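1. Generate a structure from the sequence data that follows.
(chains A, B, C and D)
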Number of protein chains: 2
Amino acid sequence: MSATASTAAPSVGRPRAFDMDTALQKALEVFWLKGYEGASLPDLCEAMGINKPSLYAAFGNKEQLFLKAIELYENRPCAFYYPALEQPTSYQVVQHMLCGAAKANADPANPPGCVIVQGALACSESGASVKQALIEKRQKGEVALRERLERAQAEGDLPEDADPAALARYIGAVLQGMAIQATSGASCDDLRRVAETVLQAWPGKK
Amino acid sequence: MSATASTAAPSVGRPRAFDMDTALQKALEVFWLKGYEGASLPDLCEAMGINKPSLYAAFGNKEQLFLKAIELYENRPCAFYYPALEQPTSYQVVQHMLCGAAKANADPANPPGCVIVQGALACSESGASVKQALIEKRQKGEVALRERLERAQAEGDLPEDADPAALARYIGAVLQGMAIQATSGASCDDLRRVAETVLQAWPGKK
DNA sequence: TAATTTTTGTACTGATTGGTAAAAAATAAT
DNA sequence: ATTATTTTTTACCAATCAGTACAAAAATTA
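-> Next up, the predicted model:
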């Protein structure tokens, strides 16, 4: 039995006629727009420019394709999130997150909103594990922000009476709400005004 | 041709063996939990305790059933929203909205979240009109809030330099974000802390 | 050139989707 | 009791769903 899965291109045999990364990018667009269950295999195949057996050979099945597409999403359109945590002050951390989200959620080059929010929010039993995976991604992001805000408080960058957990959940909610706004047609400027509203009131703003 | 649709019970013929309102309530629960496309007709029929022809005779088709369920949702679990606009100050308006949402989105008696947010956020072409209907419901709520905040500003209840449109969009985003938080497992208390965070910073708070 | 390996295209599978035809059953009016 | 009207039940429809079997095609290795 060979070591790894079908992802690495072998040196023998007929070569793959498509680029896996660009195909995955196309798959992401479809999932982003239609959600996990709303994206049919014909939809995906057409966008990816391949047919079903090629899709299954390269990516496993629909669920694995979706999870790989989410991974790509985190590394590309949503790549602003975790680096924002490295900003020197809590204000700047939140500013980078909110402004990054404003740009990413309403980028005309991509579908509106956030696939981690809208990819599998409410679905049938067959999407339950994907839905759970997205819940965990959202929670993981919020935990990282909470820990960053706890550090900020320890450093005196946030007032003593601030509640890092509540603030992290609040920012998480605003980010997710911005994604909904984008799917409803809000522009990048619209979202930036939401971000500005949050930032104007940031505790111990600096 | 008779005047109205099949909704009013006629006096002749075999009587309906189920109550339309409780059946619609059950349908709402299914749509709330699984979304418009994730809810299958067998799902709906089982929850409503009827079979397909009865469903179609009473409610038209799946889309009309969904729209009627949404109407019920607005009049029952989500009934706090528009009355909140009648509070005397903008602070109290927003307070009632946020606290009502905290309670409604995380009520253990109902599915978590908000069906107007998660009912058809990302879906296939066959759900496009339902998706659009929900977008318009969300926007309508936001417009009503914006107009209320404009009035508040005219009454001196909001600072001159406040931006009612931006504030309404911001509150809309927070409300929608709270719905996402609820679907991820946030409790009513969790959501109340989000509400509190917003209210602490409300401009010209009173 | 021949053998091997992998991808490709076509065609198919069983299950499920939303929706309906038709007859039986239950009531009110005659 | 019979007729008219409506709902219920059972059985079905075509379309679509995710997923796959199989053989032809295209490349490398020998």
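
2. From here on, just use CA atoms for contacts and neighbour counts.
-> Fine.

3. From DNA strand D, how far out is A:Asn75?
-> Relative to DNA strand D, A:Asn75 is positioned 24 Å away (C-alpha to the nearest atom of the strand, to the nearest Å).

4. show me what contacts that residue?
-> With contacts defined as C-alpha atoms under 8 Å, 6 or more residues apart in numbering or on different chains, A:Asn75 has no neighbours.

5. which bits of chain A sit near chain B?
-> For chain A, the contact set with chain B under C-alpha under 8 Å from any C-alpha of the partner chain comprises A:32-35, A:37-39, A:117-119, A:121-124, A:135, A:139, A:166-167, A:169-170, A:172-178, A:180-181, A:183-184, A:190, A:193-194, A:197, A:201.

6. DNA strand D next: which of those are close?
-> A:Glu37, A:Gly38, A:Ala39 (C-alpha under 7 Å from any atom of the strand).

7. Just put the residues you listed in TSV and tack on pLDDT.
-> Formatted as TSV, those follow (pLDDT from 0 to 100):
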residue	pLDDT
A:Glu37	98
A:Gly38	98
A:Ala39	98
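
8. Show the low-confidence segments of chain A, by residue range.
-> A:1-8, A:206 (pLDDT under 70).

9. Sketch out the helices for it, chain order is fine.
-> A:20-38, A:41-48, A:52-59, A:62-75, A:81-84, A:90-105, A:115-118, A:128-154, A:164-183, A:188-200 (DSSP state H).

10. Let's have those in TSV, adding distance to B:Leu72.
-> Listed next are those as TSV, based on distance: least, C-alpha to C-alpha, whole Å:
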stretch	distance to B:Leu72
helix A:20-38	25
helix A:41-48	34
helix A:52-59	42
helix A:62-75	34
helix A:81-84	38
helix A:90-105	31
helix A:115-118	24
helix A:128-154	26
helix A:164-183	22
helix A:188-200	31
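
11. Looks like A:Val115 contacts A:Phe31 (just checking).
-> Yes. Counting by C-alpha atoms under 8 Å, A:Val115 does reach A:Phe31; the two are 7.2 Å apart.

12. For chain A, what lies in contact range of DNA strand C?
-> Residues of chain A lying near DNA strand C (C-alpha under 7 Å from any atom of the strand): A:6, A:9-10, A:12-18, A:50-54, A:57-58.

13. filter those residues down to the ones near DNA strand D?
-> Restricting these to contacts with DNA strand D (C-alpha under 7 Å from any atom of the strand) yields A:Val12, A:Gly13, A:Arg14, A:Pro15, A:Lys52, A:Pro53.

14. Nearest to B:Asn110 among those residues?
-> Of all these, the one with the least separation from B:Asn110 (C-alpha to C-alpha) is A:Lys52, at 39.4 Å.

15. Look up how far A:Asn110 lies from the residue lying closest to that closest one once chain neighbours are set aside.
-> Nearest residue to A:Lys52, sequence neighbours excluded (C-alpha to C-alpha, 6 or more residues apart in numbering or on different chains): A:Cys45, at 6.4 Å. The gap separating A:Cys45 from A:Asn110 is 19 Å, by C-alpha to C-alpha, to the nearest Å.

16. neighbour count winner among these two?
-> A:Cys45 (19 against 15; other C-alpha atoms under 10 Å in any protein chain shown).

17. re earlier: tell me which of the helices of chain A lies nearest to B:Gln25.
-> The nearest among those, by C-alpha to C-alpha, is helix A:128-154 at 23.2 Å.
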